[in-house]
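# Can you look at this prediction? I've put the sequence above it.
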Amino acid sequence: MSNWLSAARLVIGVAIRSDPRRAILVMVLIPFFNIVAAGQALGLRQMVDGAVAHDLGAALTGGLVLIAVTVFVFQASAVATDLRRFLQQKVGLEFDRRLMDLCSGPAHIDHYHDPGFLDDAELVRQRRTEFGGAFAALVENCGMLARFLTAVLVIALVNPLLALLPLCILPLALATRRQASLIAAAEKAGAGADRERKALLDLATDPSAAPEVRLYRLGEVIAHRHREAFASSARGRDAAHARGTWAVTGGWLLFCAALIGGLSLVTWSVVAHRASAGEAVLVLLLGTRLVGATTGLSWLIGWLRRSLDTVVLYRRLAARATGRPSGTDRELPEHGDVVFDRVVFRYPGEGSQALGPIDLRLPAGSTVAVVGDNGAGKSTLVALLAGLYAPSEGRITVGGKDLAELAPEVWRAASTAVFQDYCRFELLAAESVGVGRLSAIEDRDAIGAAVASAGAADMVASLPEGLDTRLGGTYPDGTDLSSGQWQKLALARGRMPLAPGLIMLDEPTASLDPDSEAEVLRALMRTRANGGPAPITVVVSHRLTSVRAADIIVVLHEGGLVEHGSHAELMALGGRYARMYTLHAASYT
Ligand SMILES: Nc1ncnc2c1ncn2[C@@H]1O[C@H](COP(=O)(O)OP(=O)(O)OP(=O)(O)O)[C@@H](O)[C@H]1O
């Protein structure tokens, strides 16, 4: 309950912050016109009693009240519905923005390894339209509750016994609540299957998977698994719905019986001259309205519950995504050595060690090649250097300062990276490069220089509109690129930052042709960032012949550091690197 109250507070707060005037107007107007609506029954009572008593004035006044209230309620409800929809949209947009911040905000990316976070994130993504709906459900519930209570109050004025009617609604309300919680629990249990269904749908519709899906004739298998995943989550939801339906039906039968009893009581009072004909009409009208309000409330409460559950889920997601606290120190020692001090790393939720213990010094201005077999820990080492994860044990220092103490944005501004899984930004070519330094996204000279230094100038010149070409197959006028061309743009993006202290390149040339690869790697090994002091350049590569010029070659094996030194030193050592290099060179010869 307290979760729902906090969720409701959050939603109302967001609505008021988004548009204070309209939010307050809607929250007052909807309950107000629902209360005023009871005036229709009072007007009708006076009209009937006036007519029965042959009192034209009283009958006309009653008729006028009835018409005036009807017109007001009609108009006010139209205005309130428009306003409510507008606010619903605004609240939804605000939560979308918060959701984006929440996923991309934390400095580390540990939360993407938490299955609980992924399940909640999937549910929240599926149900994100319910954030705006939560606001709408709150005000509509208030309105319907106001209508219900006013009807009960006015009926009770005719016969206090009739005030007991709402008590008969309690079982129905409880049954509806139970049904909703059964469905919510089933949805939570089926979130894993829903995630699988979405992944399968993505796989079947993703153009990059299309060739292999055809080659291995996976279409039918994917469709079959998709059906199974859907059936597995739908089974739970349907069963929960069916289990709750019996109790809801029982609740309805009880309430209808109570209402029929109430109407009989009033009819008997009229026959016995203890109530007027107008009062009988009033009870009949408001009694039917009670039925409508109860139906409306049971549906609206379900809507409110479901949408508030989504907000509760969002709050839990927000708590999960906060991750570990980031450093706050904003002073980064200029171009110092980077030192791994007994660094051990385990991926979140994994028992086994992916890396370490590693003791390693990367001197300022050096070029470092990281080599090793698949799964040796090369990308993990780069991810730790980039500050995407914090070491599980030990520390990484920069110029003697612990990376964990540095404010993440300070370290990000001082480093740049090209990752193995580079991002394909479907923007203008210039923007796709320029996002590497947002402050220079309009600076064509800086972008041109970055493109040239990544060896991508010819490729960009061959695009239909050069740097102004819209990239990506999702746009009708977009130009799609080959993997190698996308990678060249990623390389150029990594060349945008001004005088970075650290450049990380994780297999930056894996998609390039041999000529481009050799040329780019040679250029990267001699890198001098835009005239500033030499940065530390860390290159992960399987192309040993191209990285042999590195000052230090770090050899990883099964997460451990097995050798490091210059090419000559390692060859003289005759160990793992020497064997790998000899094999590699021989295969090229
Ligand atoms: N996201 C992840 N979650 C859990 N374990 C991971 C994750 N990424 C990598 N690992 C594990 O960490 C270890 C090191 O992986 P890493 O990707 O760093 O190797 P690599 O040397 O870069 O391999 P490759 O040459 O294939 O790119 C491997 O045992 C791998 O299974």
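Okay, I see it. Numbers count the residues shown, from 1 in each chain.

# Y581 against I553, yeah?
No: counting by Cβ atoms under 8 Å, Y581 sits too far from I553 to count as a contact (9.1 Å). C-beta here means a position set from N, CA and C on the backbone, and glycine is covered the same way.

# Residues that sit against both of the two, list them.
567, 570 (Cβ atoms under 8 Å, 6 or more residues apart in numbering).

# Between those two, which has more neighbouring residues?
I553 (25 against 18; other Cβ atoms under 10 Å).

# In terms of helices and strands, where is the more buried one?
strand 552-557 (DSSP states H and E).

# Following element in sequence after that strand, please.
Counting by DSSP H and E, what follows strand 552-557 is strand 560-565.

# how many neighbours does the nearest residue to G478 once chain neighbours are set aside have?
In space, and not counting its chain neighbours, G478 is closest to G472: 4.3 Å by Cβ to Cβ, 6 or more residues apart in numbering. For G472, the count of nearby residues is 16 (other Cβ under 10 Å).

# surely G472 meets A429?
No: here G472 does not reach A429: they are 10.3 Å apart, not a contact under Cβ under 8 Å.

# List the residues that contact the closest residue to the ligand within the stretch 51-200 of the chain.
In the stretch 51-200 of the chain, no residue comes nearer to the ligand than H113, which is 6.0 Å away by Cβ to the nearest ligand atom. Contact analysis of H113 by Cβ under 8 Å, 6+ apart lists 347-350.

# Specify which residues of this protein, grouped into ranges, have pLDDT under the cut-off.
The chain contains residues with pLDDT under 70 at 322-324, 522-532, 588-589.

# so D359 sits in a strand?
Yes: counting by DSSP: H, G, I helix; E, B strand; the rest coil, D359 is found in a strand.

# how near is it to I396?
11 Å (Cβ to Cβ, to the nearest Å).

# for V73, same thing?
67 Å.

# With T245 instead?
58 Å.

# ok, those two, which is more surrounded?
Neighbour comparison, T245 and I396: the larger count goes to I396, with 22 against 12 (by other Cβ under 10 Å).

# Please give me every residue in contact with the more buried one.
338-341, 343, 384-385, 402-404.

# likewise F131?
11, 91-92, 94-96, 307, 310-311, 314.

# check the contacts of H113 against the ligand, which are close?
Applying Cβ under 6 Å from any ligand atom to these, one finds that 347, 350 fall near the ligand.

# Of the contacts of H113, just the buried ones, ChimeraX syntax please.
With 16 or more other Cβ atoms under 10 Å as the criterion, this ChimeraX line picks the buried residues out of those:
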select :347
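
# where do the contact lists of D359 and I396 overlap?
With Cβ under 8 Å, 6+ apart, D359 and I396 have common neighbours 340-341, 343.

# I'd like these laid out as JSON lines, including distance to the ligand, neighbour count and secondary structure.
Shown next, in JSON lines, are the shared contacts of D359 and I396 (distance: Cβ to the nearest ligand atom, whole Å; neighbours: other Cβ atoms under 10 Å; DSSP: H, G, I helix; E, B strand; the rest coil):
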{"residue": "F340", "distance to the ligand": "14", "neighbour count": "23", "secondary structure": "strand"}
{"residue": "D341", "distance to the ligand": "19", "neighbour count": "16", "secondary structure": "strand"}
{"residue": "V343", "distance to the ligand": "13", "neighbour count": "21", "secondary structure": "strand"}
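
# Fine by me, we can end here.
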